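> sharing a sequence plus its predicted fold:
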Amino acid sequence: MSTTPQRNPVPLVPLSLPRPVAPPRYRQPKKNIPQTPEERQAILNIVRNYVAEFSPTPPLPLAELGEHADRVVQHVGCDPIFRDYIGVLINNEMWREQLAAVPFERRLLLMPKCLRLESKCPAPFDEFGLLCKQCGLCSIQDLQNEAERLGYAVLVAEGSAIVMSLIQTGQIEAIVGVSCLSVLERSFPYMEAAAIPGVAVPLLQDDCIDTTVDLDWVWDYIHLTADDKTRRLDLGALRREVESWFSPASLDAIMGASVDETERIGREWLAQAGKRWRPFLAAAAWRALAGNEAEMPGDLKKAAVAVECFHKASLIHDDIEDGDATRYGSPTLHATHGIAVALNVGDLLIGEGYRLLAATGVSAEQRAAMVAAAADGQRELSRGQGAELLWARDPGALTSLQVLDIFRKKTAPAFEVALRIGAILAGMEEHGQVAGVLRAYSEALGIAYQIRDDLDDLGQTKDTSDIAGLRPSLLLATAHERAECDKRMLTSALWSRRFPEGTGVTEVEQLYRELKADERCRELLERYKEEAIRSLRDLENASLKGLLRRVIGKIFNDTEIKGWCKEFEAKNLLGMAAGESVLEKAPERAVVATV
């Protein structure tokens, strides 16, 4: 097969200027798939365990694959209507390792033309499919560019005949397909007959027009490679391991026994509930760069606890500055011990963090680099918090970009510090090779994380709430930019940090929904998650790239599958000879095709 020429990578969109996205296209969910991320993840874990235990050998006839799906349905005790969905997962898991072993240049990415915005798409068709014009209105452009950059052949066309013709050329050894269940079912006999690895990602809507797909799932398969030594790593187990480091006994073993009441209060706060994403990121970065076989050193535990010390100190100070009374569903530290004691404990934890980094047994160069990374992050976080505090002295309306800049300074640095410290522990050379990527990744990840926090405030009945606290939020900024007349007066009052008479949190949330501020924030959340993924495109370390991509799914895990669309094959008349012609044309242009 001809080698697809390297395109110039699509430039990253500046994070201060998020790329416009098309309006969301919602469809009613169908009943043949799990409706929540938790249910889907639970079923995926069961499928993976099932495939690992029983080792079904692909390719399986469709009837036999159905038998395996029936067993899983029975084992899970779920509605049999999920049978086809589970069958897709089983097939994907059976082929996963084989797909990873196939070079990128021997793979084919197949996409359906219904991913485009039909009413606005400027792309014409030829006999092989869609000729993408790189307009940026849909996900086809990003998936196509990345796949071609790696070396894939890319097709976007309709009809199983063209797929079969490509398989018969012998130049395609694996397929990553995006489609709906009905098309997958009709294509399955061809895949089985060819006995080549094929994985599939279902479409998310219930129509054959303006559909969407779980981009992270597609990107995961596109980048799957045998060079990624962490793809079998159980991130859930790694997170549980990290969580175990924060039990009172483990903290004493890592930090030494408490010597006074101030230290005891600090340890209690450190051991309190939390998501532990930052120490988890430090451990994940170290594992990816050090290798799966490397024994986890005690220095990693010290560094991870240090990262959490910095984070918990910032929360103590943040709660005081914002006047919040609860954290993790319990009274804040200053509410129980007073502001003076809380400030001092926060300062102690910052000192503990630097003490732990200095106590690691790595080289002097590594210790200095970790301390410098932590100091840089502390300074940037303080600048972000300072911008918010100074705003509160003279409050006024902020634009969306100004709020995003606060997010960038307040949240992203902690993610970068965690990742860089984990990389430094793996080795200075390894850190030097990935530091720039970690910065870009952390910036996008941190902003996405903070946007998600803003959205979580909707309907919140516990802990802190930016809505109730009248603090700068992307929801408020977006609503203010969209509001007119009386609604504009209301958002202006909120920016002045006051609720008009008769207005409360419920009314503000209703306003956000009326102005579709929540929808816009969800669009930006997805955009920054995609930006984090794009930042990894030039990362040469396959293990770190694969792991960081999976971390995004682990942290957010909020993709809603709304149902699979009906498929039509009105143009499924292409001849078998089309395959070689497509392969000849693929280097010259992007083609688009459905399985």
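Great, that's in hand.

> pLDDT value on the residue nearest to Gly323 when sequence neighbours are not counted, please?
Once flanking residues are discounted, Gly323 sits nearest to Gly469: 7.4 Å by C-beta to C-beta, 6 or more residues apart in numbering. Quick note: C-beta positions are derived from backbone N, CA and C, even for glycine. pLDDT for Gly469: 72.

> give me the number of residues near the closest residue to Leu470 other than its chain neighbours?
Distances taken as C-beta to C-beta, 6+ apart place Arg497 nearest to Leu470, at 4.5 Å, with adjacent residues excluded. By the criterion of other C-beta atoms under 10 Å, Arg497 has 13 neighbours.

> lowest-scoring secondary structure element of the protein by mean pLDDT?
Every helix and strand of the chain was ranked by mean pLDDT, DSSP states H and E. The lowest is strand 591-592, at a mean of 34.

> ranges for the helices of the stretch 201-350 of the chain?
215-223, 235-244, 248-255, 261-271, 277-290, 298-322, 333-337, 339-358 (DSSP state H, counting those that start in this stretch).

> again with the stretch 51-200 of the chain
Using DSSP H, counting those that start in this stretch, helices in the stretch 51-200 of the chain cover 62-76, 83-101, 140-150, 160-168, 181-194.

> which parts of the longest one are buried?
When neighbours are counted by 16 or more other C-beta atoms under 10 Å, the buried residues of helix 83-101 are found to be 84-96, 98-100.

> separation between Leu524 and Leu474?
Counting by C-beta to C-beta, to the nearest Å, the separation of Leu524 from Leu474 is 7 Å.

> which one of those two has more residues nearby?
Remark: of Leu524 and Leu474, Leu474 carries more neighbours, 26 against 23, as counted by other C-beta under 10 Å.

> tell me the contacts of Ser543?
227-230, 288-289, 291 (C-beta atoms under 8 Å, 6 or more residues apart in numbering).

> please apply the same query to Phe407.
So Phe407 contacts 384, 446-447, 450-451, 474 (C-beta under 8 Å, 6+ apart).

> helix or strand for it, which one?
Using DSSP states H and E, Phe407 sits in helix 400-410.

> looking at that helix now, give me its mean pLDDT.
On average, helix 400-410 scores 91.

> in it, what counts as buried?
400, 403-410.

> now stretch 478-495
478-480, 482-483, 490-491, 494-495.

> give the residues shared as contacts by Leu524 and Leu474.
Ile451.

> sorry, back to before: so which of the contacts of Phe407 comes closest to Leu357?
Gly446 (21.0 Å; C-beta to C-beta).

> against Lys409, how distant is that closest one?
9 Å.

> that older thread, ranking the helices of the stretch 201-350 of the chain by burial, who's on top?
helix 277-290 (a mean of 25; mean count of other C-beta atoms under 10 Å).

> how far off centre is that helix?
16 Å (C-alpha atoms, centre = their mean, to the nearest Å).

> ok, Ser492 - contacts?
Residues near Ser492 by C-beta under 8 Å, 6+ apart: 397, 480.

> ok, Gly236 to Glu243 distance?
From Gly236 to Glu243 the distance is 11 Å (C-beta to C-beta).

> apologies, that question was intended for Arg537.
32 Å.

> with Thr399 instead?
From Thr399 to Glu243 the distance is 39 Å (C-beta to C-beta).

> do the same with Lys554
From Lys554 across to Glu243, the span is 13 Å (C-beta to C-beta).

> what ranges do the helices span in the stretch 401-550 of the chain?
So, for the stretch 401-550 of the chain - with DSSP H, counting those that start in this stretch - the helices run 412-426, 428-456, 466-469, 474-482, 485-495, 505-514, 517-534, 542-556.

> CA atoms of stretch 229-237 as CSV?
The C-alpha trace of stretch 229-237 is given here as CSV (Å, rounded to 0.1, in the frame of the first residue of the first chain):
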residue,chain,number,x,y,z
LYS,A,229,3.4,-1.1,27.7
THR,A,230,0.7,0.4,30.0
ARG,A,231,-2.4,-0.5,28.0
ARG,A,232,-3.1,-3.4,30.2
LEU,A,233,-2.5,-1.4,33.3
ASP,A,234,-5.5,-1.4,35.7
LEU,A,235,-5.9,2.3,36.4
GLY,A,236,-8.6,1.5,39.0
ALA,A,237,-6.2,-0.7,40.9
